[in-house]
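> quick one, what's the 3D model for this:
(2 chains)
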2 protein chains.
Amino acid sequence: MSVKVIHWGLGAMGGGMAELTAKKQGITSVGAIDIDPNRVGKILGDIFEGQSKDVIIEENPEGVLSKEADLVIIATGSFTKEVFPQIKLALENKKNVICIAEEMAYPQQQEPELAEEIDKIAKENGVTVLGTGINPGFVLDTLIIALTGVCMDVEKIEAARINDLSPFGPTVMKTQGVGTTVEEFNKGIEEGYIVGHVGFQESLGLITKALGWELDEIKETKEPIISNTYRKTKYVEVQPGMVAGCKHIAYGIKDGKTIIKLEHPQQVLPELEGVNTGDYINVFGTPNVNMAIKPEIPGGIGTIAMAVNSIANVINADPGLTTMAELPVPAAILGDIKKMLK
Amino acid sequence: MSVKVIHWGLGAMGGGMAELTAKKQGITSVGAIDIDPNRVGKILGDIFEGQSKDVIIEENPEGVLSKEADLVIIATGSFTKEVFPQIKLALENKKNVICIAEEMAYPQQQEPELAEEIDKIAKENGVTVLGTGINPGFVLDTLIIALTGVCMDVEKIEAARINDLSPFGPTVMKTQGVGTTVEEFNKGIEEGYIVGHVGFQESLGLITKALGWELDEIKETKEPIISNTYRKTKYVEVQPGMVAGCKHIAYGIKDGKTIIKLEHPQQVLPELEGVNTGDYINVFGTPNVNMAIKPEIPGGIGTIAMAVNSIANVINADPGLTTMAELPVPAAILGDIKKMLK
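As a prediction, the model looks like this:
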């Protein structure tokens, strides 16, 4: 008996997960749902390396979800509101859910009512829901939390994820404002089509819940990273004086002081101006903990891996809505996943 | 209602935990056991800052353990065999147990029969047992495991904990061979009074269990770190050509290849020869993850904090023998611990 998985959403992330689960011992993909006309009706294994030749990608979720399966991986959107109907349907079909929507890393933060509803439906159906990904889900929350475990006391946390957007295409260039003028950037922020990072609220929620901190206020700033150099990728060109990306910072404030500062400047080719990519966590406390991961953990691979590596933890968990902070430490699944089930 | 804790062992580590629990909201110390004649009969709060003036340190464990309490922290020895009778007694009195004996981080590795017995007694009494500490327990195992969570695949893991023994006294100098000649060092290793690090077996057991790897063989080497410089601390003097510490390395081998290499060279004043202290983890896989914590997380503070910060996780856990890899990620307890209980 294998662990049976259904894939919902087969874009860059969902497709990567379909290929990764195919490589894992003890996991079988038994269904696939997607809306892309280029994929619907095709055989899963014809599109995704190593995958089943018996699974047809279907547009209509109901039929797929009625199959016998342990878990559905949902990789269709960023926001809880978007994915809620999908999660609900999967739960009602008594499937565990792993979802990489950024807000689902801690839906309690921005969608408390939907979070409560998800928790209720999951419990009624005896299954578990987890939101995860590289960030939110790991770098700027779970890993920070884990590092505080060695601290007698913590005064303040500062962390930064400094990455390079060069591999990404036109959509990401647009949502981060890469290649715009400063005026266009400011307009994009105002009108909401330049968004910066999605997930700070959730990371702050996860951290404060785990540590027992309460914030008075969360502030976010989004500023243009104005390039001093000429930067060029496959998808974008940035002249000196134009915008190379979005410097997005979140501040968790208590009694007028910033006790958590999370930074995620997203730009193309930061090395051209001497900026080293990396994940940096500084816990100020007893003791101080200064951690660096250089270069940064790649976002795409990391999200795909974290979702797939969470499968056993989610199946093992008590029913309901859970979080990365409540599950056992994540771990690469390198052996037969069935040995990891309780 | 507070979480009620009993302290068993009030040396440097256990005493530190008594002081740290006193600072935590929602924890009350209700009993203390020690064999040191300088402490027996004294009031806990007279010796340990902030602690209760109502608790008398007692030598006889039976009376103390019969009190109503949620959890016993045992900080009395390094080896499972030593602490087993104490753990057994605590469990039979229906107390959860956190123990910092190095081998208890994963007693299944070197004492599988005792581990099974502990698990059985814990389940019979509806309570949980955890072994933890900074290392084993976190740096060279739990943290490594967590970092693999972002990996699609892992080929090899190399990690090193490079610390400075200068703050430590004569006992540690002796067990690490600091200040000896090379001949004396080799004799000490042979006769077993120079021991190097206790915990590699347990760290390797934790990692391989969590990842689903199986090792064919574990090898350990212990070599003298011969000083090129004159090194002097409050407790020891090392002339050039003499031994500054013990370079202890463990190799986890599969199919003739080292797939896990853990290094823990312990010496005084490594900076004098340009060696930076730090905790270093390199996961070779997809992707590679290169992590550094500089300086290293201090061992004493880290062990005290990790044990106390694990209290809620242990009380919340299912009955039986558990490990750091099975519990939720550790987190500093900074608010009222009662809010962290299920």
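> what about the helices in the stretch 51-200 of chain A?
Counting by DSSP state H, counting those that start in this stretch, the stretch 51-200 of chain A has helices at residues A:61-65, A:80-92, A:112-124, A:142-148, A:170-175, A:182-191, A:200-211.
> adding mean pLDDT, write those out as a markdown table.
Listed next are those as a markdown table, based on pLDDT from 0 to 100:
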| stretch | mean pLDDT |
| --- | --- |
| helix A:61-65 | 97 |
| helix A:80-92 | 98 |
| helix A:112-124 | 98 |
| helix A:142-148 | 98 |
| helix A:170-175 | 90 |
| helix A:182-191 | 97 |
| helix A:200-211 | 98 |
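> A:Ser78 and A:Val198 touch, don't they?
Yes - using Cβ atoms under 8 Å, A:Ser78 is in contact with A:Val198, at 5.2 Å. All C-beta atoms are positioned from the backbone trio N, CA, C, and that covers glycine.
> overlap of the contact sets of the two?
A:102-103 (Cβ atoms under 8 Å, 6 or more residues apart in numbering or on different chains).
> taking the stretch 1-150 of chain A, what residue is nearest to chain B?
A:Gly149 (2.7 Å; Cβ to the nearest Cβ).
> coming back round to it: out of the helices of the stretch 51-200 of chain A, nearest to B:Pro85?
Evaluated over those, closeness to B:Pro85 peaks at helix A:142-148, with 32.7 Å, by Cβ to Cβ.
> just checking, what packs against the closest one?
Secondary-structure packing of helix A:142-148 (3 or more Cβ pairs under 8 Å, 6 or more residues apart in numbering or on different chains; DSSP states H and E): strand A:153-164, helix A:200-211, strand A:278-286, strand A:289-293, helix B:142-148.
> outside of that helix itself, list whatever touches it.
A:154, A:157, A:159, A:203, A:206-207, A:210-211, A:279, A:281, A:283, A:285, A:289, A:291, A:324-325, A:329-330, B:142-143, B:146, B:309, B:329-332.
> give me every residue that touches A:Pro328.
A:313, B:325-329.
> what's near enough to touch the residue nearest to the spatial centre of chain A?
Geometric centre of chain A, nearest residue: A:Gly133, 3.0 Å, by Cα atoms, centre = their mean. For A:Gly133, the contact set (Cβ under 8 Å, 6+ apart) comprises A:100, A:102, A:105, A:199, A:302-303, A:306-307.
> turn the residues you listed into CSV, columns for pLDDT and neighbour count.
Shown next, in CSV, are those (pLDDT from 0 to 100; neighbours: other Cβ atoms under 10 Å in any protein chain shown):
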residue, pLDDT, neighbour count
A:Ile100, 97, 28
A:Glu102, 96, 24
A:Ala105, 98, 30
A:Gly199, 97, 28
A:Gly302, 97, 24
A:Thr303, 96, 25
A:Met306, 98, 27
A:Ala307, 98, 28
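> low-scoring stretches of chain A, by residue?
Within chain A, no range satisfies pLDDT under 70.
> the domain parsing of it - what is it?
Following automatic domain parsing, chain A resolves into domains at A:3-133+A:301-340, A:142-296.
> redo those as TSV? Include distance to B:Arg39.
As requested, the domains of chain A are arranged in TSV below (distance: least, Cβ to Cβ, whole Å):
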stretch	distance to B:Arg39
domain A:3-133+A:301-340	36
domain A:142-296	22
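> what's the closest of those domains to B:Lys234?
So among the domains of chain A, domain A:142-296 is nearest, using Cβ to Cβ, at 20.6 Å.
> do me a favour and get the end-to-end distance for the closest one?
15 Å (Cα to Cα, to the nearest Å).
> likewise for stretch A:127-146?
26 Å.
> ok, A:Gly131 - how many residues close by?
31 (other Cβ atoms under 10 Å in any protein chain shown).
> check contacts around it.
A:98-107, A:137, A:202, A:323.
> for chain B, tell me which of the contacts of A:Gly133 show up nearby.
Among the contacts of A:Gly133, the residues lying close to chain B (Cβ under 8 Å from any Cβ of the partner chain) are A:302, A:306.
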